[in-house]
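J.: return atomic coordinates for the entry below.
(2 chains)
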2 protein chains.
Amino acid sequence: MLALCGGKGAGLIRMRSLGLPVPEGFVITTEACARYIEDGTLPEGLMDEVRENLAGVERATGRGFGDAENPLLVSVRSGAAVSMPGMMDTVLNLGLNDATVRGLAQSTGDERFARDSHRRFVQAFGEIVLGVPGSLFEDAIEEMKGERGAQADTDLAAEDLDELARRFRAIVAREAGAEVPDDPYEQLRLAISAVFDSWLGERAVAYRREYGIPDDLGTAVTVQRMVFGNMGETSATGVAFTRNPATGEQGIFGEFLLNAQGEDVVAGIRTPRPLREMESVLPDAYRQFLQTAERLEREYGDMQDMEFTVERDRLYMLQTRRGKRTGAAALRIARDMAGEGLISEAEAVLRVEPASLDALLHPRIDPEADLDVLARGLPASPGAATGRIVLTAQEAKSRAADGEAVLLVRRETNPDDVEGMISARGVLTALGGMTSHAAVVARGMGKPAVTGCGALKIDPTRGMIYLGGEPFEAGELLTIDGASGEVIRGEAPLVAPEPSEDFETVLRWADEARTLRVRANADTPEDARRARELGAEGIGLCRTEHMFMEGERLRIMREMILSEGEEALEEALVLLEPMQREDFEGIFRAMDGLPVTVRLLDPPLHEFLPHSKDLAKKVSDLEARGESAEEERRRLRIVEGLEEANPMLGLRGVRLGLLKPEVYLMQVRAIASAARAVREEGGDPRVEIMIPLVAFASELRTMRARIEAELAGEDIPLGTMIELPRACAVADKIASTADFFSFGTNDLTQMVCGISRDDAEEKFLADYLSGGTLSFNPFQTLDRDGVGEFVRLAIRKGKEANPALKLGVCGEHGGDPKSIAFFHEVGLDYVSCSPFRVPGARLAAAQAALGGAPV
Amino acid sequence: MLALCGGKGAGLIRMRSLGLPVPEGFVITTEACARYIEDGTLPEGLMDEVRENLAGVERATGRGFGDAENPLLVSVRSGAAVSMPGMMDTVLNLGLNDATVRGLAQSTGDERFARDSHRRFVQAFGEIVLGVPGSLFEDAIEEMKGERGAQADTDLAAEDLDELARRFRAIVAREAGAEVPDDPYEQLRLAISAVFDSWLGERAVAYRREYGIPDDLGTAVTVQRMVFGNMGETSATGVAFTRNPATGEQGIFGEFLLNAQGEDVVAGIRTPRPLREMESVLPDAYRQFLQTAERLEREYGDMQDMEFTVERDRLYMLQTRRGKRTGAAALRIARDMAGEGLISEAEAVLRVEPASLDALLHPRIDPEADLDVLARGLPASPGAATGRIVLTAQEAKSRAADGEAVLLVRRETNPDDVEGMISARGVLTALGGMTSHAAVVARGMGKPAVTGCGALKIDPTRGMIYLGGEPFEAGELLTIDGASGEVIRGEAPLVAPEPSEDFETVLRWADEARTLRVRANADTPEDARRARELGAEGIGLCRTEHMFMEGERLRIMREMILSEGEEALEEALVLLEPMQREDFEGIFRAMDGLPVTVRLLDPPLHEFLPHSKDLAKKVSDLEARGESAEEERRRLRIVEGLEEANPMLGLRGVRLGLLKPEVYLMQVRAIASAARAVREEGGDPRVEIMIPLVAFASELRTMRARIEAELAGEDIPLGTMIELPRACAVADKIASTADFFSFGTNDLTQMVCGISRDDAEEKFLADYLSGGTLSFNPFQTLDRDGVGEFVRLAIRKGKEANPALKLGVCGEHGGDPKSIAFFHEVGLDYVSCSPFRVPGARLAAAQAALGGAPV
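T.: Residues are numbered from 1 along each chain as shown, chains lettered A, B, ... in the order given. Take a look at the predicted model:
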């Protein structure tokens, strides 16, 4: 039914079959559309069938289509199986022309209503069916109002509206080179064709591509008798939900307008009244609507979003569909409905959108608040934060130490900023996409961030920033909303997160349903604890480099790299080893009894160093002042020696581990001794060691031998990231020396697509997405056709060579519901994602196990 | 036979079966070795069999193994099916001890000979079987010579040599903690075990890994009666080839020494005499040897490399094997032998190593010349060149314009240096690998280059360079040998290339045999002409960016990028279009009737710009001088805006084509109008347009539509590079809008392995290769397991979707024989390589078609 009649049509037919009051009409099925697409013309005989069906409507209503006395008017609406942006929506009042408009005036006794309906029809037909720009009609209305000295549209008289309809027709003739036909059947034929054409419109095609909807499905067309909510004080129109879509609270929730048409509610010209007030003015219709709503929710087993019209005290249902809802509402409704026996627990799990959970874990801006939005960037890390503008990490740190709430505002961030990010309440950057350094680090910390805010300019010398040109000084208050990307003036009222009982209950049901384990990416004991609270079943990625990127450690690390010779290296490692051990102990304690996968040092050494440009500037500054720049020059030489044309493809990961084994072996010792220490306390540490960037089986073989020698009998599973295409191709060879694979889908995506995440989002990925070259961002949702193909290959080859191989994923995709569905499908053992995405991942994993696509 | 008895053993057995004079002996087969490897001990009963066989030798020779009166001495040699570096080679004189040495002295009547044989045996046994460092024995000899006041070894008397043997045994006892056994059978047992052990030695294992030789093949051991060439003036030893290995000239070619052992020839202590002189001193043996050599060449059907000994007028053959030869000799021998009916033409084609042809096309250093080699770098582009040192491209250009021969010496090169490279005779760089900018560009130009010369330091401010510490001023003469990587003081005598009739003939046979077409990578009419002369059947890759990188064009290109706004872009394109068209016309004329694949602009825009560091320096210099730096600052901002963290994975290729379509469309117009112009002249241009860096089918679809619109009916095939792993995974989708695929295996290798060619060779690839982590450089020889897997995938999917799809390759691998074998195997239509590699590629393609692995 849905496939044949579309969402709207199916809903109407179902309501009608339940005996509910639906205006008479019929549906032209998607099959007709499919034939139209193939032939480029309406199927033969279609218009005959339309006439036949219209005749039935005429008989049932006692009106005639095109009848000048008692005209039948119809609405024409498109309706595919899924609602689709960019498709023609609705043309109302079809059937009006100079003759029938008079009949309408007579039969309703309302001249102005009839004239207004007519000019609305010409406008809608011109705009939607014939493609005339809507602004031309708006301009004509304004002009007419000027001529008549009218303030509002409602001040225009019936004659004015009649004149307006004439002017509209002139505009249509001029712009479209076509007339609005007088013949109602011709109107109908064109409207039907327009619906079919809109199926092939650019945006609709792009949308289908994105969601993998086949092009040949087609759309249905619903033709239905017009009913009017604007026939005086016994008429009304309204929309309602069967439960509160914001909170999920039980009981009908909606709005209505007396003496109005549906579009008036949407246009917001008049403020609608709460639905419950309808009880006093239209008590019968109200009671009937309540019963209808309850019936529909029971029939559909889900919260419904309904449109209705009351025409002269008679209720008509115009639409019913699944109601959109907030995350909190989704949880409550799912739990309540399962409690009410309306749906099963499994069904309840399928009813909540995983991505909606993230927002529930962060403070957010009070949805009731009036905000002064200054600019908009990318919603890089959810949650809202208010703080005083600071422009450097150093200042963030010192002012936060004084107890101030600060927002770190930067052009972009790098490892030097991490401490500042820790100190700040939130981060705002001018550059960088959803997967920029700022975004990734902030999400990892669960800290709100807005990135890529193009309207932000920073003038560090003056200590000023500009938001869309308006100046703000450091120290002024701003609020950022990491869920919407908004940058707001001053302090916005925040609402604290409340992990509700609904949340806990639905997540418990999800845990019972899923087979995929969910771990977290966590680098500190605090992150580990938080992840565990959010339901993580271990750590899938503990990045040891983040441990080197703060304060004293960064200083030691820099000294080590910048000083030459083995001795300095040894000295630095002696200092770093106890620090690493301490971190590991904390993490192992927090994850007691659960697996913790520690990845050995991954990034290239120059990531720990100052930029050569900054050093070069220092050198020339020193020289300009006549001071000695020898030491800075030496450092510059080393930094430049480490620079790489393409660091992503350079000396890092296991390559560095093989070339400078001292660092890896220090890490291995720290891991082993931390595990021993925790075990001696009576704990149960379950550590696994992971080697990054393996391309050749020989790399892992050699590294494994060295690590095992260092472990001296300590039994720790050893595995590798699979993050290079080559590793997928030779996964069988690699698997024979690996205990586990963890797919590093971030890097794998970069290599497979040949796209640098650091550069691409700004430089061309955004254009690709907006221009339709790409229908999804492969760094957010796993690219099934490309990257997915290689993941499957690696799994097949890896399992063949080593059936005991454990399989996981630790890229950003580990927290993305669609990607999780893929990982479930290909048989991974676990996914790993940032702590705040863990609940969503648990839910998505359950939905995948229950066979439901993520909503 | 070869598998069971190894190369040496099989040769000896064959010679014996031909009735040729071979000393008595036997072969322990590779099966025994395989069992030794498995069990870790000699197979049971092996030594019994050895005794039995030795008894046979004793009977045949009338001597006794360990017999104090008339001792039998034997040699023990390893011999696998392929000769393998790192394996134990030979122990001579086995069977000597204090008793038998006296018997040897008596039976030969030569006390000194016997004592010398004994100390040589102890030394060899200690060194080869027991692993004592050879230098200790050498030191002991020097010490003894000092004690005795001896100048040469030959000044030591028999007693001295006896004393030396004692001291040697003491050294062995001390160093190896083991005695040289007196029991000859124990000597033999240990020597056999040592041969087997050396099969498992590190270098032998690495070698097998490189050449894909299974570890369980094992080596054979040949045990053979010693014969002595050092028994006076009727004895001799020598080596000879059946034809001249340097020129291929017919007729025996060799050297001999009277009264000497084989190792004396090798050690170079005495200068051997030309073999023909043996006719006068040992006429019978000489005649017999000539007959034997001729017989062997006929039997083996190939030029032989033989070792022989004459013991008291009797000839003994000690070895025969295929003789190594130069490229020129290989061609001549192959052609002659086919002419003589010894081998077929197909066999002749298989006899020449493709890589050896390249050197024949370039001037090379006279092999007879005495050279003062100052340093050694990578042999980046073959050929030799002498010229005066210049340190900048500008100077190279101006001095070359004055008619001077110059060598461009740079730390590394970039596009700014290309003009200087054109002007210079050769290029020498301190940094950069075999596939660095300098190497690739020089090979493309057919210009000698040595890159990555670590001993080279450049001091541009003083106008000096240092080679291994020794200073040279700009203007001094140097010679580089791009085939060996040597940097030579002054002017070395060069030999001009002579494409011989041998060359033409063998290549003609190759062309008849091969199925794979060979095209060239060429960017200029000159390159195209040269490529055609060398047999190219079209151009597989015409890089349009190289056309922008010289002189006036580079200036216009820079202006275009550095100036903002559409207008400047349009202006620049108007200037560039006729230049491009002219280039294309020249290329189409040179390749008349043959396909020319033009690749649209590939590199990121910043490759055309000055480095931001240089600009930043300019800005601060200007500011320091108090001058206005506004314009430079503006340029710096633009250059920085275009900078990317990983340009290899950035905004280039089709991405740039989609974002800034004006440049691609200008190129398309230039191509189409050039084709029209050449056609109007009566020519037959066959151009194909190639889009680089396609990852998504939608990119090619969109670009194709735009290009076709621009072509306005001109019928030009459109294809794409396959150089991203993703393109391989979705090759079916891409193939449906492509007329051809050209595998860009350079970039594909970078992406598949996650290795940046620009960085890796210096930073870790060299270590990987020397340390055995990698057995081959994937940028020189196609990585079958990794990259090859993706190539196969793309071919399968591409052909499925579009059976008419043409397939080629245009990466560096297109000229590599092993890679060509792969490309033949997977069914490509053509390979494309730099012009000078075309002949080698033709040969390699023929060898692949004939089923022979490249030699």
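
J.: all contacts plus neighbour counts: C-alpha atoms, from now on.
T.: Noted.

J.: for chain A, what's the longest helix?
T.: Using DSSP state H, we find that the single longest helix of chain A is helix A:566-590.

J.: now residue A:599: closest residue in space that isn't a chain neighbour?
T.: residue A:690 (4.5 Å; CA to CA, 6 or more residues apart in numbering or on different chains).

J.: hang on, the earlier thing: show me what the longest helix of chain A is packed against.
T.: Helix A:566-590 sits against helix A:525-533, helix A:551-562, helix A:661-680, with contacts defined as 3 or more CA pairs under 8 Å, 6 or more residues apart in numbering or on different chains; DSSP states H and E.

J.: tally up the residues packed near the closest residue to residue A:768 other than its chain neighbours, please.
T.: Excluding the flanking residues, the one nearest residue A:768 by CA to CA, 6+ apart is residue A:774, at 5.3 Å. By the measure other CA atoms under 10 Å in any protein chain shown, the count of residues near residue A:774 is 20.

J.: dump the residue contacts of residue A:774.
T.: The contact partners of residue A:774, by CA atoms under 8 Å, 6 or more residues apart in numbering or on different chains, come to A:768, B:696, B:698.

J.: give the buried residues for the longest helix of chain A.
T.: Using 16 or more other CA atoms under 10 Å in any protein chain shown as the test for burial, helix A:566-590 gives A:569, A:572-573, A:576-590.

J.: what is the burial count for residue A:717?
T.: 14.

J.: before we move on, back to that, check the contacts of residue A:774 for burial and list the buried ones.
T.: A:768, B:696, B:698.

J.: hang on, the earlier thing: export the helices and strands packed on helix A:566-590 as TSV, with columns for mean pLDDT and mean neighbour count.
T.: Formatted as TSV, the helices and strands packed on helix A:566-590 follow (pLDDT from 0 to 100; neighbours: other CA atoms under 10 Å in any protein chain shown):
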stretch	mean pLDDT	mean neighbour count
helix A:525-533	94	20
helix A:551-562	86	17
helix A:661-680	96	20
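
J.: nearest to chain B, of those?
T.: helix A:661-680 (13.2 Å; CA to the nearest CA).

J.: residues in contact with the closest one?
T.: A:570, A:573, A:577-578, A:580-582, A:584-585, A:588-589, A:600-601, A:657, A:684-687, A:706-707, A:710-711, A:714.

J.: for the helix or strand that that helix is followed by, give the mean pLDDT please.
T.: Once the chain leaves helix A:661-680, the next helix or strand it forms, by DSSP states H and E, is strand A:686-691. Mean per-residue pLDDT for strand A:686-691: 98.

J.: in the stretch 301-450 of chain A, what residue is nearest chain B?
T.: Nearest residue of the stretch 301-450 of chain A to chain B (CA to the nearest CA) works out as residue A:431 at 11.4 Å.

J.: JSON lines please, covering the helices and strands packed on helix A:566-590 and showing distance to residue B:398.
T.: Output for the helices and strands packed on helix A:566-590, formatted as JSON lines (distance: least, CA to CA, whole Å):
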{"stretch": "helix A:525-533", "distance to residue B:398": "64"}
{"stretch": "helix A:551-562", "distance to residue B:398": "41"}
{"stretch": "helix A:661-680", "distance to residue B:398": "49"}
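
J.: so which of those helices comes closest to residue A:54?
T.: helix A:525-533 (61.6 Å; CA to CA).

J.: what comes up buried for stretch A:460-478?
T.: Buried-residue list, stretch A:460-478, by 16+ other CA under 10 Å: A:464-465, A:467, A:472-475, A:477-478.

J.: in chain A, what secondary structure element scores lowest on mean pLDDT?
T.: helix A:262-267 (a mean of 65; mean pLDDT, DSSP states H and E).
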